[in-house]
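Asker: got a predicted model here, sequence first, then my questions.
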Number of protein chains: 2
Amino acid sequence: MQTPSDIDLLIKQFAKLPGIGPRSARRLVLQLIRQPDRLMHPLMDALARTAKSVKTCGTCGNVDTVEPCHICADLRRDDTLLCVVEDLADLWAIERSNMYRGRYHVLGGTLSALEGRGPEQLNIPKLVQRAKDGVVKEVILATNITLEGQTTAHYVTTQLEGTPLKISRLAQGIPIGGELDYLDDGTLGAAMRARLPFA
Amino acid sequence: MQTPSDIDLLIKQFAKLPGIGPRSARRLVLQLIRQPDRLMHPLMDALARTAKSVKTCGTCGNVDTVEPCHICADLRRDDTLLCVVEDLADLWAIERSNMYRGRYHVLGGTLSALEGRGPEQLNIPKLVQRAKDGVVKEVILATNITLEGQTTAHYVTTQLEGTPLKISRLAQGIPIGGELDYLDDGTLGAAMRARLPFA
């Protein structure tokens, strides 16, 4: 025998999570077993609460404990701005930046013929409908700066053609704290092309 | 708002586990939320099963779903060998090596005046009692090759003085696959001192 079956199963389950290999899964489980009151039971409770309460917002695709989600329900947010993100993680990241007070639309991925994700799977018809509701003035395409992200953004723009909507994208350039020597050539080139007057 | 409270709580709970920072905790929780059937619920089940079934073996200090543990209950194991380890993780590691078929004694740490761990906290009286039961012939001190581990091993030897028991320790030397150039001087020195005839 190596490790008892229940524990082994728990280790395997942890090892399925992103960034956790069999070794770290073992360390996690050991800690959980050693500290049931501080770690194991609170984690079980938090998982149960989240599993029970989490819903996907029918309007924007955000995940929250209420429906519509906090962001859609917040009256102080700017209804004229609609920010399109690939994923929940991107929405959270933009929220953390505290620089955006409009609404969101979560696609849930990028267009991919290989993985069978077309416009319907990404909620794009719904996005187009929301964008054309007469209130939205600007659609901000905040998909990732990857081939897939940009292809998806481009597809969305084709769907919004002929509308008076302003369509924008995030600025590309040198990240804050970035050292030129360590940047890839693509970023450096894009930043050079997009150079601005020194204010 | 950043992330909804239940989810935030779950992220914080994950971030308490060893080797998981706030960033990876966020990634974990996102995956759990995205794949409730493949990840969230199986993890909850596995945690609940483990939390319910796990017991500490009253004989050796191993953690198992049965009491006495599988190892103590296994009649094919060699009762004359008793391997002393600091921790459950060490027992699992030795079991994975498949090179030992005796019994174990898990101390649950090392002697530490600072952290208030004396011989009683480490189950050392119980270890001495087991070692002197007349069946055990050899006590293998497999504590870590650290100052604390070796101090603890040394303390155990003092407690077993005057008995006819053979007391051994794990061999120290170059690890399998080790390259001399990358090894610390201590290991290299120990391996040199302990050199053996080339067979």
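Answerer: Ah, there it is. All figures in this text were calculated on a predicted structure; none of them were measured in a lab. Residues are numbered from 1 along each chain as shown, chains lettered A, B, ... in the order given.
Asker: now do the contacts for the nearest residue to A:A194 once chain neighbours are set aside.
Answerer: Spatial nearest neighbour of A:A194, chain neighbours left out: A:G173 (6.1 Å); criterion: Cβ to Cβ, 6 or more residues apart in numbering or on different chains. The way it works is simple: take the backbone N, C-alpha and C, and place the C-beta from them, glycine included. By Cβ atoms under 8 Å, 6 or more residues apart in numbering or on different chains, the residues touching A:G173 are A:T187, A:A190, A:A191, A:A194.
Asker: try it again at 7 Å.
Answerer: A:A190, A:A191, A:A194 (Cβ atoms under 7 Å, 6 or more residues apart in numbering or on different chains).
Asker: Provide the backbone phi and psi angles at the second one.
Answerer: Okay, so that is A:A191. phi -70, psi -40 (degrees, to the nearest 10).
Asker: repeat for the last one
Answerer: With angles defined as degrees, to the nearest 10, A:A194 shows backbone torsions of phi -90, psi 20.
Asker: what is the burial count for it?
Answerer: By the measure other Cβ atoms under 10 Å in any protein chain shown, the count of residues near A:A194 is 10.
Asker: what's the nearest residue to A:Q172 if we skip its chain neighbours?
Answerer: In space, A:Q172 is closest to A:A190, 4.8 Å off (Cβ to Cβ, 6+ apart).
Asker: from chain B, how far out is that neighbour?
Answerer: 26 Å (Cβ to the nearest Cβ, to the nearest Å).
Asker: list the beta-bridge partners for A:S112.
Answerer: Beta bridges link A:S112 to A:R117 when assigned by DSSP bridges.
Asker: tell me how many other residues crowd A:K52.
Answerer: 9.
Asker: for A:I94, give its distance to A:E86.
Answerer: Distance of A:I94 to A:E86, given as Cβ to Cβ, to the nearest Å: 11 Å.
Asker: typo on my end, A:T65
Answerer: With Cβ to Cβ as the criterion, A:T65 and A:E86 are 22 Å apart.
Asker: show me which of these two is the more surrounded one.
Answerer: For the pair A:T65 and A:E86, the greater number of neighbours falls to A:E86 (21 against 16), based on other Cβ under 10 Å.
Asker: which residues touch the more buried one?
Answerer: A:L107, A:G109, A:T110, A:T143, A:N144, A:G149 are the contacts of A:E86 under Cβ under 7 Å, 6+ apart.
Asker: do A:K16 as well
Answerer: With Cβ under 7 Å, 6+ apart, A:K16 has these contacts: B:L39.
Asker: now A:L91
Answerer: A:N62, A:V85, A:Y104, A:V106.
Asker: same deal with A:D90?
Answerer: A:A142.
Asker: checking my notes, it in a helix, right?
Answerer: Yes: per DSSP: H, G, I helix; E, B strand; the rest coil, A:D90 lies within a helix segment.
Asker: just the pLDDT for it.
Answerer: Note on A:D90: pLDDT of 90.
Asker: buried ones in the lowest-mean-pLDDT helix or strand in chain A, by neighbour count?
Answerer: Here the helix or strand of chain A ranked lowest by mean pLDDT, DSSP states H and E is helix A:185-193, holding a mean of 81. Within helix A:185-193, the residues scored as buried using 16 or more other Cβ atoms under 10 Å in any protein chain shown are A:T187, A:A191.
Asker: kindly report the same for stretch A:144-159.
Answerer: For stretch A:144-159, using 16+ other Cβ under 10 Å, the buried residues are A:N144, A:E148, A:G149, A:T152, A:A153, A:V156.
Asker: what segments of chain A are helices?
Answerer: Under the criterion DSSP state H, chain A contains helices at A:5-15, A:22-34, A:41-53, A:70-73, A:88-97, A:124-131, A:147-159, A:185-193.
Asker: could those go into JSON lines alongside distance to A:G178?
Answerer: Shown next, in JSON lines, are the helices of chain A (distance: least, Cβ to Cβ, whole Å):
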{"stretch": "helix A:5-15", "distance to A:G178": "35"}
{"stretch": "helix A:22-34", "distance to A:G178": "30"}
{"stretch": "helix A:41-53", "distance to A:G178": "35"}
{"stretch": "helix A:70-73", "distance to A:G178": "30"}
{"stretch": "helix A:88-97", "distance to A:G178": "16"}
{"stretch": "helix A:124-131", "distance to A:G178": "32"}
{"stretch": "helix A:147-159", "distance to A:G178": "20"}
{"stretch": "helix A:185-193", "distance to A:G178": "8"}
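Asker: out of those helices, which comes closest to B:P164?
Answerer: helix A:22-34 (35.6 Å; Cβ to Cβ).
Asker: can you list contacts of the closest one?
Answerer: Contacts to helix A:22-34, defined as Cβ under 7 Å, 6+ apart, come from residues A:7, A:10-11, A:14-15, A:39-40, A:43, B:17-19, B:54, B:63, B:88-89.
Asker: wait, A:L188 touches A:Y182, no?
Answerer: No: judged on Cβ atoms under 7 Å, A:L188 makes no contact with A:Y182 at a distance of 10.1 Å.
Asker: most neighbours of all the contacts of helix A:22-34, which one?
Answerer: In terms of neighbours by other Cβ under 10 Å, those top out with A:L10 at 29 neighbours.
Asker: grab the nearest non-local neighbour of that residue.
Answerer: Among residues not flanking A:L10 along the chain, B:A46 sits closest, at 4.1 Å (Cβ to Cβ, 6+ apart).
Asker: in chain A, where is pLDDT below threshold?
Answerer: Across chain A, the ranges flagged by pLDDT under 70 are A:1-4, A:199.
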